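*Asks:* When you get a sec, could you give me coordinates for this:
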Amino acid sequence: MSDQAPHLKVAEIRCFERPYQMRMPFRFGVTTMSGGLQLVVQVRIELADGRSATGWSAEALSAKWFDKNPGLTDAQNHHQLRRSVELASEGYLALPKGSAFSFFARHYTAQMRAAEAEGLNPLIASFGPAMLDRAVFDALCRAEGLGFAAAMKANLAGMVIPDLTPDLEGFALGEFLAAQIPQSSLALRHTVGLADPLTAADQQSRVNDGLPETLEEVVRHYGGHYYKLKISGDVGADLARLRSIAAILAPLGAGLRVTLDGNEQFRDAAALRAFWSAFEADPELTVLRRALLCLEQPIHRDQAFAVPVSGIARDLPIIIDESDGSLEAATLARDLGYRGVSTKVCKGFYKSILNAARMTRWQPGGLLSAEDLTCEPGTALQQDLALVSFLGLGHVEKNAHHFIDGFGTRAEGEDFLAAHPELYHRQGDKVRLRIAQGRVATQGLLSARGFGAAAVPQTGGLTAMPPALWPPRQDAPAL
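*Replies:* Numbering: from 1, shown residues only. Below is the predicted model of the structure:
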């Protein structure tokens, strides 16, 4: 690891949870969400010069995304993610001093092996280190008085090309980081879930909380031109719904941009070809076809690397998302015709940076697309926005501001509003995301001391993360 970066020890890790409620149901893939749990991680580091600092991360414990096995309950999915955090915590606490990045690199293989031994897939295995890495780097930025952009440009984490990514051998990572031109604002790509009402005629009741509820209202309220459309793998149903969406989005004209998300709902490449052929042939979908940027993870991860998609990908850029569980996943996907990969902080921000480096080597054509895992306002949202802005990606999927009402009942909303008035505003008694013409300002969170946020979570009222009940005992009652 880089000898010039500050060396530190991970001295203490504390994990908390809090529930959240959706203002509207969110249907994607195999699930419909009405609420969930958010994990909040606090890490204390000790630097070689004796200083100590605390950092934070936060992320939704998303059931039925990391593992979509219908035989598992949501509670079991939560325990899987807790176990990943436990495994990472045990490893990081045991490691001697090193650069921030070295904790990720030194523990990576042990984390993947330990998770596999306990029946946890690579995507789940990545979650624990992803949470700790963000909190460790947040603490380091705070200790050094640096914002995320300045810290990354200076390679404060001590990132190097690890042996784990031999395809990047010889890549000048330090120069790559220093050359990044962060975005001062980002276009938000609004998620249209499978159950979202498109017009008022689709609604049986209203939420009436002052926020838009139908797609028509979203377009008028936020003024955005970027949209992510969930599809189900049922060609007939998908085409019918996409026609209705196309009619709503058509007035946006040449500035419209869309992505499609298959959420692993196509059983194989043949099913995907059937959808794409029908999509291309439908004259009512011309507006979407011209605006289409990419299709995200159409085929289930169990089959995604079994057959090439090169034939379809000539006309349709396809990227992986759920298949991106390991550091080598992006290169495996490329060999099969995939154009690129998603970035999500829940999969690891170091992985995103290494994949961004790969995309520069894949040019022309390498595609890194910024996607969302219901990042709630505050720490989770701002760390993701900081990463995407730093990488200069221009637009990012965001949905928590729509499906969750701001900070909800969290008192820390006032802290984040005071620290980042360019990003939030008050509407009545709620602190909500400030969106102007479909964009959010990111300059302030890039320069704020820490990883994307000057404010920190309030732990009062949060519950300690319970011990993971995983692997499940054979004689244990169903959760």
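
*Asks:* those helices in the stretch 51-200 of the chain, which residues are they?
*Replies:* For the stretch 51-200 of the chain, the helices defined by DSSP state H, counting those that start in this stretch occupy 74-94, 100-117, 122-144, 148-153, 173-178.

*Asks:* From the chain's centroid, how far away is stretch 298-310?
*Replies:* 21 Å (C-alpha atoms, centre = their mean, to the nearest Å).

*Asks:* Can you give me the end-to-end span of that stretch?
*Replies:* In stretch 298-310, first residue to last residue: 14 Å (C-alpha to C-alpha, to the nearest Å).

*Asks:* who touches the residue nearest to Gly408 when sequence neighbours are not counted in this structure?
*Replies:* Closest residue to Gly408 apart from its sequence neighbours, by C-beta to C-beta, 6 or more residues apart in numbering: Tyr20 at 6.1 Å. (C-beta placed from N, C-alpha, C; glycine too.) If you count contacts by C-beta atoms under 8 Å, 6 or more residues apart in numbering, Tyr20 has them with 35-38, 60, 376, 404, 408.

*Asks:* Among these, which are located in strands?
*Replies:* Counting by DSSP state E, these place 35-38, 60 in strands.

*Asks:* Buried ones only from those residues, please, as a ChimeraX command.
*Replies:* Only the buried entries of the ones in strands among the contacts of Tyr20 go into this ChimeraX selection, using 16 or more other C-beta atoms under 10 Å:
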select :36,37,38,60
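
*Asks:* For Ala237, see how far away the nearest residue to Leu391 once chain neighbours are set aside is.
*Replies:* Spatial nearest neighbour of Leu391, chain neighbours left out: Ala356 (5.2 Å); criterion: C-beta to C-beta, 6+ apart. Distance from Ala356 to Ala237, counting by C-beta to C-beta, to the nearest Å: 35 Å.

*Asks:* between those two, who's got more neighbours?
*Replies:* A count of neighbours by other C-beta atoms under 10 Å puts Ala356 above the other of Ala356 and Ala237, at 22 against 12.

*Asks:* for the helix or strand encompassing that one, packing partners?
*Replies:* In this structure, Ala356 sits in helix 349-362 according to DSSP states H and E. Where contact means 3 or more C-beta pairs under 8 Å, 6 or more residues apart in numbering; DSSP states H and E, helix 349-362 is packed against helix 122-144, helix 173-178, helix 329-335, strand 340-343, strand 367-370, helix 379-390.

*Asks:* elements contacting the first one?
*Replies:* Taking 3+ C-beta pairs under 8 Å, 6+ apart as contact, the helices and strands that helix 122-144 lies on are strand 8-28, strand 31-47, strand 52-60, helix 74-94, helix 100-117, helix 148-153, helix 349-362.

*Asks:* export those to TSV and tack on mean pLDDT and distance to Ile320?
*Replies:* TSV is the format used below for the helices and strands packed on helix 122-144 (pLDDT from 0 to 100; distance: least, C-beta to C-beta, whole Å):
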stretch	mean pLDDT	distance to Ile320
strand 8-28	95	16
strand 31-47	96	20
strand 52-60	98	20
helix 74-94	99	20
helix 100-117	99	17
helix 148-153	99	24
helix 349-362	97	10
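
*Asks:* out of the ones you listed, nearest to Gly128?
*Replies:* Closest to Gly128 of these is helix 74-94 (C-beta to C-beta; 3.2 Å).

*Asks:* Just the angle for that closest one relative to helix 100-117, thanks.
*Replies:* Helix 74-94 and helix 100-117 are oriented at 130 degrees to each other (axes from the mean of the first three to the mean of the last three C-alpha atoms, to 10 degrees).

*Asks:* what does helix 74-94 rub up against?
*Replies:* By C-beta under 8 Å, 6+ apart, helix 74-94 touches 10-11, 13, 15, 37, 39, 41, 61-64, 66-67, 72, 103, 107, 110-111, 114-115, 118, 120, 124-129, 131-132, 136, 465-470, 472, 479.

*Asks:* returning to that earlier point: looking at the contacts of Tyr20, spot the one nearest Thr360.
*Replies:* Out of the contacts of Tyr20, the member with the shortest distance to Thr360 (by C-beta to C-beta) is Ala60, at 30.3 Å.

*Asks:* Surely that closest one and Leu373 touch.
*Replies:* Yes: Ala60 lies in contact with Leu373 (C-beta atoms under 8 Å); the separation is 6.0 Å.

*Asks:* what's the overlap in contacts for those two?
*Replies:* Common neighbours of Ala60 and Leu373, counting by C-beta under 8 Å, 6+ apart, are Cys346.

*Asks:* Student question: in the protein, what's the helix or strand with minimum average pLDDT?
*Replies:* helix 310-313 (a mean of 88; mean pLDDT, DSSP states H and E).

*Asks:* now the residue nearest the centre of the chain: how far from His401?
*Replies:* Geometric centre of the chain, nearest residue: Lys344, 2.8 Å, by C-alpha atoms, centre = their mean. Taking C-beta to C-beta as the measure, Lys344 falls 17 Å from His401.

*Asks:* ok, now Arg439?
*Replies:* Noted for Arg439: a distance of 13 Å to His401, by C-beta to C-beta.

*Asks:* Run a quick neighbour tally on the residue nearest to Lys351 when sequence neighbours are not counted.
*Replies:* Nearest residue to Lys351 in three dimensions, chain neighbours excluded: Leu327, at 6.4 Å (C-beta to C-beta, 6+ apart). Applying other C-beta under 10 Å, we find 24 residues neighbouring Leu327.

*Asks:* How about Arg220?
*Replies:* When neighbours are counted by other C-beta under 10 Å, Arg220 registers 10.

*Asks:* swap in Gln4?
*Replies:* Going by other C-beta under 10 Å, the residues that sit close to Gln4 add up to 11.

*Asks:* shaky segments in the protein?
*Replies:* Applying pLDDT under 70 to the chain picks out residues 1-3, 474-479.

*Asks:* any idea how it splits into domains?
*Replies:* According to automatic domain parsing, the chain comprises the domains 8-178, 185-463.

*Asks:* Regarding the first one, how distant is the last residue from the first?
*Replies:* The first and last residues of domain 8-178 sit 22 Å apart, counting by C-alpha to C-alpha.

*Asks:* next one: the longest one
*Replies:* End-to-end distance of domain 185-463 (C-alpha to C-alpha): 35 Å.
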